Structures are given as structure tokens and as C-alpha cells.
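> Coordinates only, no sequence provided:
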């Protein structure tokens with residue numbers, strides 16, 4: 001495996017400054033390259049790759065799981081002697097944080113990649129191609145601080161008219177906020193257009209469904225073949241090729257974060273991000289006759305008029321309403337969870353206080369014979 005210098009994989013003056021208090025204690029900077037939910041794999045130039053564990057302080061200081069180190073995070077490492085465990089003593093502040101809500105009914109944030117410059121959404125012109133899912137990705141990427149890029153793999157199967165149709169649809173969805181690239185990993189077509197996102201100090205996170213050729217594309221970019229697996233001909237889904245989020249160092253500098261196939265993109269964003277991404281809907285809504293227009297049967301509804309005339313895509317508007325409801329539900333659940341935690345904390349404080357009073361009373365009885 002390559003052993004790049006820190007500057008080649010994203011270490012900069014900001015991280016250097018943040019690490020000074022830890023360096024004064026003898027700790028060394030390291031990059032989290034794999035998180036398998038039990039332990040971490042880190043990289044530091046002096047040693048290379050090493051298994052590390054989390055210190056109790058870092059664990060207890062984290063308010064949520066999202067505050068714990070994740071793939072792409074820079075950490076301060078207490079390097080151990082032989083036969084002892086090296087320990088993560090601190091996580092340095094993140095430049096960017098690409099995350100989603102955890103799958104299911106939970107309300108927690110799940111970090112997909114930290115400190116990434118570009119999030120590369122890889123899809124294909126088959127059953128996987130879904131404009132609504134792309135809209136979801138663009139929303140969570142926009143909040144992360146990273147730049148979104150859409151890569152349409154297996155594009156050699158497209159006719160000119162099919163490609164033009166997809167390009168038009170993507171312009172409507174992205175509104176030029178994301179670059180779009182048509183490539184073929186198998187035939188090596190269009191890959192040179194992706195080179196601008198890679199290089200010394202640059203970090204790219206690759207996401208996409210299983211079966212879109214993500215692993216093949218990564219192998220082509222890295223010159224390896226360890227991620228490739230077969231695709232089921234009936235379902236079009238790839239067999240599990242990436243088990244954990246993993247950092248891959250590139251020969252010409254920079255790094256790539258490979259993610260397992262993502263099946264569920266749940267929102268970890270807010271109303272402002274929704275308004276920014278769907279500003280066409282918001283602009284129309286602002287011109288409705290009534291400020292509290294529900295965009296249904298209300299008189300003077302400009303949104304309904306745009307839907308009837310075809311100026312506003314019906315499916316796009318339906319996705320807007322769906323995302324609006326999803327964000328509102330997330331806020332409701334978060335508030336409910338917060339109220340529950342506050343009740344639990346108050347109950348625990350009262351219990352501790354009662355135990356303290358009982359102990360004091362017992363001590364008095366022992367001391368004064370009462």
C-alpha cells in the first residue's frame with residue numbers, strides 16, 4: 001500500500017494549528033481510513049496503517065455518534081509501544097461533513113465522509129436512474145459544504161437522443177448546481193473529464209447504488225481490481241463489493257472514499273436547504289394570492305397554475321412536498337427525543353440528589369448516634 005505524505009492527502013495549515021495542543025502532548029496526526037463500527041484503521045506516515053481504539057474521553061465527550069471519528073477525519077493519535085493499543089485522543093474539527101439521517105425511524109446523523117471536497121454521485125442509465133433520488137443527494141450534499149458531481153456510468157449504451165433527454169432532465173433537477181459527466185468505466189470513455197477532481201490534497205467521496213459500476217469505476221481510477229464483483233443479471237444489483245467505508249489513496253495524490261451501495265437516502269438537512277434547492281417552487285409560492293396558500297384549491301395559486309401549464313414539473317413538485325414533510329417529521333422526532341432525554345436527565349439528577357441526602361443522613365446517624 002502507498003504511504004503518502006500528509007500534505008498529499010489533505011493535511012493543511014488549519015489542521016496543523018488545531019493539532020498543536022495535542023502535538024505538545026506527544027500525539028501524532030493520523031487519518032481515519034476505515035471504520036468498521038468496532039474499531040478504527042488509521043494512517044500516519046511514520047508507521048503507515050495501524051489499528052487504533054477510541055479513548056474514553058473522546059467517547060464520553062461526544063454528544064451524538066456523529067461527533068465520533070468517521071472515515072476522512074483527522075485525529076490526534078497516542079502511538080503505543082509494541083503489544084499495546086494506539087489510542088485516538090481527539091478528533092480535529094471538520095472542514096466539511098457529508099451525512100444523512102440514519103436509516104429507519106431513528107433521528108441521528110450518520111456521517112458518510114468527513115473533510116471531502118467533492119461528492120461524486122455515480123448512477124447508470126438503467127433502472128437505477130432516478131431524478132427524485134438525485135434531488136435527495138443534491139440536498140444533503142449542498143448542506144455538507146462539499147461540491148456535488150453526477151457521474152453517469154455505462155453511458156456507452158445510450159443513443160444520442162437518449163443522452164440529450166437525460167441531459168435536459170438533469171439540468172432541470174440540478175439547475176447547473178452540479179457538474180454532469182457521461183463516462184464508461186469498462187470502455188474507458190470520458191474518464192479524463194474526472195481528473196480535475198483528483199490530485200494532491202483533494203478528497204472525493206463516491207456514493208451510489210449497488211450495480212451501477214461504482215467499484216469498476218474506482219478500480220479504473222486507482223488502477224486496482226480488489227473492489228470488483230459480479231452483478232446479478234436478474235436484479236441488476238452488484239454483490240457486496242465494499243463492506244465498510246474505506247479511504248483509497250491515489251497514485252497522483254489525494255484520496256477517494258469508497259462507500260457501500262446506499263439503498264436509502266434519508267434527509268439530514270433543513271428548510272433553508274430545501275428552499276435553496278427548490279427555489280423555482282419557492283419563487284412561484286411567493287407570488288400566490290394568499291401567503292398561506294396550500295397550493296391546492298386556493299384561489300390565485302401560481303404553483304397550481306404552473307403545474308397545469310407544464311411550467312413546473314409535477315413529479316418535481318411532489319418530491320418537494322415529500323421532502324418538506326420528511327424534514328418536518330425529522331424535526332418533530334428530534335424535539336420529542338430531546339424532551340425525553342431532558343426528562344431522563346432530570347430524573348437521574350433527582351435520584352442522585354436523593355441518594356446524596358440519604359447518605360448524609362446515614363453519616364449523621366453514625367457520627368452522632370442519632
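Thanks, I have the structure now. Note that this is a predicted model, so its numbers are computed, not measured. Numbers count the residues shown, from 1 in each chain.

> Okay, buried residues for the helix or strand residue 60 falls within please.
Assignment of secondary structure by DSSP states H and E places residue 60 within helix 56-61. With burial defined by 16 or more other C-beta atoms under 10 Å, the residues of helix 56-61 counted as buried are residue 58. (C-beta placed from N, C-alpha, C; glycine too.)

> Beyond that helix, next helix or strand please.
Once the chain leaves helix 56-61, the next helix or strand it forms, by DSSP H and E, is strand 74-78.

> helices or strands up against that next one?
With contacts defined as 3 or more C-beta pairs under 8 Å, 6 or more residues apart in numbering; DSSP states H and E, the packing partners of strand 74-78 are helix 13-23, strand 28-35, strand 40-44, strand 86-91.

> just checking, residue 316 touches residue 174?
No. Taking C-beta atoms under 8 Å as the definition, residue 316 is not a contact partner of residue 174, at 11.7 Å.

> Could you export the helices and strands packed on strand 74-78 to TSV, including columns for mean neighbour count?
Output for these, formatted as TSV (neighbours: other C-beta atoms under 10 Å):
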stretch	mean neighbour count
helix 13-23	13
strand 28-35	22
strand 40-44	23
strand 86-91	20
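
> quick one: which of the ones you listed is nearest residue 197?
Using C-beta to C-beta as the measure, strand 28-35 is the one of the helices and strands packed on strand 74-78 that comes nearest residue 197, at 18.8 Å.

> which residues of the stretch 1-150 of the chain score low on pLDDT?
Under the criterion pLDDT under 70, the flagged ranges of the stretch 1-150 of the chain are 1-2, 37, 101-108.

> cutoff 80 now
Flagging of the stretch 1-150 of the chain using pLDDT under 80 yields the residue ranges 1-2, 36-38, 82-83, 100-109, 127-128.

> closest one to residue 291 among the helices and strands packed on strand 74-78?
Closest to residue 291 of the helices and strands packed on strand 74-78 is helix 13-23 (C-beta to C-beta; 43.3 Å).

> in the stretch 151-300 of the chain, which spans are strands?
Using DSSP state E, counting those that start in this stretch, the strands found in the stretch 151-300 of the chain span residues 179-182, 203-207, 246-249, 255-258.

> Among the ones you listed, which comes closest to residue 45?
Judging the strands of the stretch 151-300 of the chain by C-beta to C-beta, what sits closest to residue 45 is strand 246-249, at 11.3 Å.

> about what we covered before: please identify the deepest-packed of the strands of the stretch 151-300 of the chain.
Neighbour counts (mean count of other C-beta atoms under 10 Å) averaged over each of those peak at strand 203-207, with a mean of 25.

> I'd like to know which elements that strand is packed against.
Packed on strand 203-207, when contacts are counted by 3+ C-beta pairs under 8 Å, 6+ apart, are strand 109-114, strand 118-123, helix 214-222, strand 255-258.

> relative to helix 214-222, how tilted is that strand?
Direction vectors for strand 203-207 and helix 214-222, defined by axes from the mean of the first three to the mean of the last three C-alpha atoms, to 10 degrees, enclose an angle of 160 degrees.

> which residues touch stretch 295-305?
Contact partners of stretch 295-305, identified using C-beta atoms under 8 Å, 6 or more residues apart in numbering, comprise 281, 284-285, 287-290, 293, 312, 317.

> If we go by neighbour counts, what in that stretch is buried?
Neighbour counts over stretch 295-305 (16+ other C-beta under 10 Å) mark 295, 301-304 as buried.

> Quick one: end-to-end distance for that stretch.
Distances were taken as C-alpha to C-alpha, to the nearest Å; on that basis the terminal residues of stretch 295-305 are 9 Å apart.

> Could I get the full set of helices for the chain?
Taking DSSP state H as the criterion, the chain contains helices spanning 13-23, 56-61, 131-144, 160-174, 214-222, 271-277, 279-286, 302-309, 314-368.

> What is the first one packed up against?
In terms of contacts (3+ C-beta pairs under 8 Å, 6+ apart), helix 13-23 is packed against strand 28-35, strand 74-78.

> ok, now with 7 Å
Where contact means 3 or more C-beta pairs under 7 Å, 6 or more residues apart in numbering; DSSP states H and E, helix 13-23 is packed against strand 74-78.

> chain center to the strand it packs on, what's the gap?
Mean C-alpha position of strand 74-78 versus that of the full chain (C-alpha atoms, centre = their mean, to the nearest Å) differs by 21 Å.

> Just list whatever residues bridge to the closest residue to residue 39 other than its chain neighbours.
In this structure, residue 39 finds its nearest non-sequential neighbour in residue 51, 5.7 Å apart by C-beta to C-beta, 6 or more residues apart in numbering. As for beta bridges, residue 51 partners with residue 41 under DSSP bridges.

> so residue 51 sits right up against residue 36, yeah?
No. With the criterion set as C-beta atoms under 7 Å, residue 51 and residue 36 do not qualify as a contacting pair; they are 9.9 Å apart.

> so what's residue 187 closest to, chain neighbours aside?
Leaving out its chain neighbours, the residue that sits closest to residue 187 by C-beta to C-beta, 6+ apart is residue 156, at 5.3 Å.

> For the one you found, list the residues it contacts.
Contacts here follow C-beta atoms under 7 Å, 6 or more residues apart in numbering; on that basis residue 156 touches 184, 187, 189.

> ok, of these, which come out buried?
Buried residues within the contacts of residue 156, counting neighbours by 16+ other C-beta under 10 Å: residue 184.
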